[in-house]
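> Sequence first, then the predicted structure, then my questions.
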Protein chains: 2
Amino acid sequence: MAKRGETRERLLKTAATLFQSQGYHATGLNQVVAEGRAPKGSLYFHFPGGKEQLAAESLVLSANDVRRRLSGARDLDAALEVFATRLVASGFRDGCPIATVALDAAGDSEPIRVACADAYGSWRDVVVDFLLRQGVSTERAPGLATTVLAAVEGALLLAKTQRDVAPLRQVAADLRVLIEGAK
Amino acid sequence: MAKRGETRERLLKTAATLFQSQGYHATGLNQVVAEGRAPKGSLYFHFPGGKEQLAAESLVLSANDVRRRLSGARDLDAALEVFATRLVASGFRDGCPIATVALDAAGDSEPIRVACADAYGSWRDVVVDFLLRQGVSTERAPGLATTVLAAVEGALLLAKTQRDVAPLRQVAADLRVLIEGAK
């Protein structure tokens, strides 16, 4: 049983890595099985819903990982560093682990769209808590959290195309101004 | 000669539509030829660089189209409406015509990455001009334009996963505060 669980987890982690850098459509199940060093046939055993189920579950895995790191960040700069480090370490291939699949597959698959929306919702909750601790009012915090998350996601996209983390630094500076003004 | 030019343009427009909604990897050249009602073989005649050339040129086409519309927008709300309209009209499939390819292919292809970076750069220039006209200082306008563009791109991503334009409205409200403060 332990071994079965390990194979399942290895398939999920491999899928998460491939989906986030290549997108949903470019990632074949054969590639996931090969890179996950899993026996052929194990994929449909563990994921009877096939590629769609694998993608939805791997998005949850990636989202929880990022949420945990964001929750542990002491301030906005540290939170942005979670993403900047991923970007630079991967040679500007991996930014947000959700965005690539959100753009290339959320329009076609409802389970994938919901997994993406839930991921962003959970990160937004972390930002709301952070803003409240910073002294932003309960009235302003939810809306401002949406803007913070949107600006960071957009900055990751710009940073990837420019191969430069400058957009993340710029967005951080402007968000600080916005947060100060909302206290 | 006119007919040749027409085929080329039809291939480019079809490619732009497919790449933006499905991503680079999911879009096959056969699909472009079929949906573009072009003769087989015409693709490599017009685009000897194949899929990569087709993608890079279709990104330029899409970028110019958006830049023209953004330049014509009288204020921030009208500019955001350019994107919101695309989203809603397409059933939340088409948001930014660059982002999907930027995320799923800019990490693998330098010509595609450069086309994406140039697209965002040209839109950012439009935002800089807008901010200057609004009375933002020449010192603050370039940096703030990056944040405006990032926030709008991220809001389009969130709106797509939520199937709701609310993130665009929220980001617009917060950007107005930021712009007022930078005057």
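Perfect, thanks for sending it. Numbers count the residues shown, from 1 in each chain, chains lettered A, B, ... in the order given.
> Can you show me the helices along chain A?
For chain A, helices defined by DSSP state H occupy the ranges A:2-22, A:29-35, A:42-46, A:50-72, A:76-89, A:99-105, A:110-134, A:141-162, A:166-181.
> so where's chain A uncertain?
Across chain A, the ranges flagged by pLDDT under 70 are A:1-4.
> circling back to that earlier point, any idea which of the helices of chain A is most buried?
Highest mean neighbour count among these (mean count of other Cβ atoms under 10 Å in any protein chain shown): helix A:99-105, with a mean of 30. In this view, the C-beta of every residue, glycine as well, is placed from N, C-alpha and C.
> Identify the residues contacting that one?
Helix A:99-105 has contacts (Cβ atoms under 8 Å, 6 or more residues apart in numbering or on different chains) with A:19-25, A:55, A:59, A:112-113, A:116, A:153, A:156-157, B:22-23, B:25-26, B:95, B:99-100, B:103-104, B:157, B:160-161.
> chain center to that helix, what's the gap?
Centroid separation between helix A:99-105 and its chain, computed with Cα atoms, centre = their mean, to the nearest Å, is 11 Å.
> do stretch A:57-64 as well
Taking mean C-alpha positions (Cα atoms, centre = their mean), stretch A:57-64 and its chain are 8 Å apart.
> With only the CA atoms kept, save it in CSV.
Output in CSV follows, covering the C-alpha atoms of stretch A:57-64 (Å, rounded to 0.1, in the frame of the first residue of the first chain):
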residue,chain,number,x,y,z
GLU,A,57,-5.2,17.2,-8.5
SER,A,58,-1.7,18.4,-9.5
LEU,A,59,-3.0,22.0,-9.4
VAL,A,60,-4.3,21.4,-5.8
LEU,A,61,-0.8,20.0,-4.9
SER,A,62,1.0,23.0,-6.4
ALA,A,63,-1.5,25.5,-4.9
ASN,A,64,-1.1,24.1,-1.4
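> is chain B contacted by it?
No: Stretch A:57-64 is not in contact with chain B by Cβ under 8 Å from any Cβ of the partner chain; minimum separation 10.5 Å.
> which residues sit against that stretch?
A:12-13, A:15-16, A:19-20, A:47, A:97-98, A:101, A:112, A:115-116, A:118-119, A:122-123.
> Wait, residue A:162 touches residue B:117, no?
Yes: look at residue A:162 against residue B:117 with Cβ atoms under 8 Å: they come within range, at 5.4 Å.
> ends of stretch A:37-46, how far apart?
End-to-end distance of stretch A:37-46 (Cα to Cα, to the nearest Å): 14 Å.
> what residues does it touch?
So stretch A:37-46 is contacted by A:4, A:7-8, A:10-11, A:29, A:32-33, A:50, A:54 (Cβ under 8 Å, 6+ apart).
> In TSV: those, plus distance to chain B.
Below are those laid out as TSV (distance: Cβ to the nearest Cβ, whole Å):
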residue	distance to chain B
A:4	31
A:7	26
A:8	26
A:10	24
A:11	21
A:29	15
A:32	15
A:33	19
A:50	16
A:54	17
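> Pull the number of nearby residues for the residue nearest to residue A:91 when sequence neighbours are not counted.
Distances taken as Cβ to Cβ, 6 or more residues apart in numbering or on different chains put residue B:107 closest to residue A:91, at 7.7 Å, once the chain neighbours are dropped. Neighbour count for residue B:107, taken as other Cβ atoms under 10 Å in any protein chain shown: 21.
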